[in-house]
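Student: Quick one, fold the following:
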Amino acid sequence: MRISPMLIGVAIISTAVAVIITIGAGGYKNINSVLNASQTSDPDKESNPKVVGSHTPGYPIATTSGNILDPLQTTEDGDPVDAVVDPMKYLREFNYGKVSRSQDGKTLREFTIIASDNLVKEISPGVFYNIWTFNGTVPGPTIRATEGDIVRINFINNGSMPHSLHLHGIHPANMDGVFEMISPGGEFTYEFTAEPFGVFPYHCHMTPLEEHIAHGLYGVFIVDPKAPRPPADEMVMVMNGYDTDFDAENNFYTVNGVPYYYMHHPVQIQKDRLVRIYLVNMLEFDPLNNFHLHANMFDYYPSGTRLQPDELTDIVTTNQGERGILEFKYKYPGKFMFHAHKTEFAEKGWMGTFLVTEGNESQKSNPANSGIFYDSLNNTIAGKSPVNSGGQL
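Tutor: Below you'll find the model as predicted:
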């Protein structure tokens, strides 16, 4: 495991060591064996440093070595290496669980969620951070059900401290994940009826709560209405941040875990096709966050709990835990930005780009293809991202 020099001297936060390299095996389940997770080796490094100024005019970010500033190190095929999550895969990945029928004939969806606090992952070029995860990523997996389904979550604590799973929504008190902490090596089964329909966050609820959320223990829970919403290109966007020097102020801001990722890897959508974004704000330390869409307007459904939008707008502002559904279509093809309208957040990583096409380009054969790479310095699109050698802040 590679550890950046930036982690040297990291302080103890509360009762937990901020960076934990190994974990005792006794009584712990292996997340790889449960989830069949795989790991990739480090890519070859380039030896000739080259300074690159910024992503796009007006948005300077960092000094880097390599041919271009990619938001994270990649393999030759453009896949993330040691990143907190694959943002392009996460964007459109929904987990519907193992489906069966309950004794009373209802749909039963069973999930496994494993908490850990021992991983060190790359959040920006050359910047490694001790992340606390659900199923090995930040954010954790997006779990999805239909209103009225029985949801069963097998929760396993592979961490070194107590953790729990608290889901927003309606459920019995003993399924709320607040007072019943799950000790290291422990397990608990949450079971409840999915209600009401909408989009909800889930997160660890152990104290100190801000520590558990700031390190990454959160995800998204979507409950669909019984009568489905209209077909759309659906995606999840979680707004978050990282406090890498432990001063209760964020050093990086992101949507879906990796700063600037969607600037270099545009989200591909089709002109005139309905897009539906499940937007959740899990940013710690800052009181507000927001989402601004360029050259367009969206219908906004707060919490996603109604089928009629509250407003037509191009910006929405939320507090931590607030969420909603955005629906829109692009009238014109081209490259359009989306980002936080708080300048500090945007310039520290929370910005991205939609690449709107006519729908007949060959690259649209796989809309979630993370291999496409946008060179924002030369305003061109390449077949894959280059391998770089990391960055210096």
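
Student: Starting from residue 277, give me the distance back to the most centrally placed residue in the chain.
Tutor: The chain has residue 256 as the residue nearest its centroid, 3.0 Å off, counting by C-alpha atoms, centre = their mean. Noted for residue 256: a distance of 11 Å to residue 277, by C-beta to C-beta, to the nearest Å. From N, CA and C alone the C-beta is placed, and that goes for glycine too.

Student: which neighbours do the two share?
Tutor: Residues touching both residue 256 and residue 277 by C-beta atoms under 8 Å, 6 or more residues apart in numbering: 236-237.

Student: what are the ranges of the strands in the stretch 251-393 of the chain?
Tutor: 252-255, 267-270, 275-281, 289-293, 298-302, 311-313, 315-318, 323-328, 334-339, 351-357, 373-375, 380-382, 391-392 (DSSP state E, counting those that start in this stretch).

Student: most packed of those strands?
Tutor: strand 252-255 (a mean of 27; mean count of other C-beta atoms under 10 Å).

Student: show me where pLDDT drops low in the stretch 251-393 of the chain?
Tutor: For the stretch 251-393 of the chain, the stretches flagged by pLDDT under 70 are 360-393.

Student: Against which helices or strands is the lengthiest strand in the chain packed?
Tutor: Counting residues, the longest strand found in the chain (DSSP state E) is strand 107-124. The contact analysis (3 or more C-beta pairs under 8 Å, 6 or more residues apart in numbering; DSSP states H and E) places strand 107-124 against helix 31-35, strand 98-101, strand 127-134, strand 143-146, strand 150-157, strand 252-255.

Student: Tell me which of these approaches residue 306 most closely.
Tutor: For residue 306, the closest of the helices and strands packed on strand 107-124 is strand 143-146, at 16.8 Å, according to C-beta to C-beta.

Student: for the closest one, packing partners?
Tutor: Partner elements for strand 143-146 (3+ C-beta pairs under 8 Å, 6+ apart): strand 107-124, strand 150-157, strand 218-224.

Student: Tabulate those (CSV), appending mean pLDDT.
Tutor: As requested, the helices and strands packed on strand 143-146 are exported to CSV (pLDDT from 0 to 100):
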stretch, mean pLDDT
strand 107-124, 94
strand 150-157, 96
strand 218-224, 98
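
Student: Could you dump these into CSV and include mean neighbour count and distance to residue 344?
Tutor: Formatted as CSV, the helices and strands packed on strand 143-146 follow (neighbours: other C-beta atoms under 10 Å; distance: least, C-beta to C-beta, whole Å):
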stretch, mean neighbour count, distance to residue 344
strand 107-124, 22, 16
strand 150-157, 21, 35
strand 218-224, 24, 22
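
Student: which one of these lies closest to residue 312?
Tutor: That would be strand 218-224 among the helices and strands packed on strand 143-146, by C-beta to C-beta, at 22.7 Å.

Student: That closest one vs strand 127-134, what angle?
Tutor: When axes from the mean of the first three to the mean of the last three C-alpha atoms, to 10 degrees is applied, the directions of strand 218-224 and strand 127-134 differ by 50 degrees.

Student: ok, and what's touching strand 218-224?
Tutor: With C-beta under 8 Å, 6+ apart, strand 218-224 has contacts from 94, 134, 138-147, 167-169, 194-204, 236, 238, 240, 278, 280, 282, 304, 323.

Student: Recalculate using a threshold of 6 Å.
Tutor: Outside strand 218-224, the residues that touch it by C-beta atoms under 6 Å, 6 or more residues apart in numbering are 134, 139-147, 167, 194, 197-203, 236, 278, 280, 282.

Student: Residue 235: what's its closest spatial neighbour, skipping adjacent residues?
Tutor: residue 91 (4.7 Å; C-beta to C-beta, 6 or more residues apart in numbering).

Student: Quick check: bridge partners of the nearest residue to residue 301 once chain neighbours are set aside?
Tutor: Setting aside the residues directly before and after it, residue 301 is nearest to residue 325 in space (C-beta to C-beta, 6+ apart), at 4.2 Å. When bridges are called by DSSP bridges, residue 325 pairs up with residue 278, residue 301.
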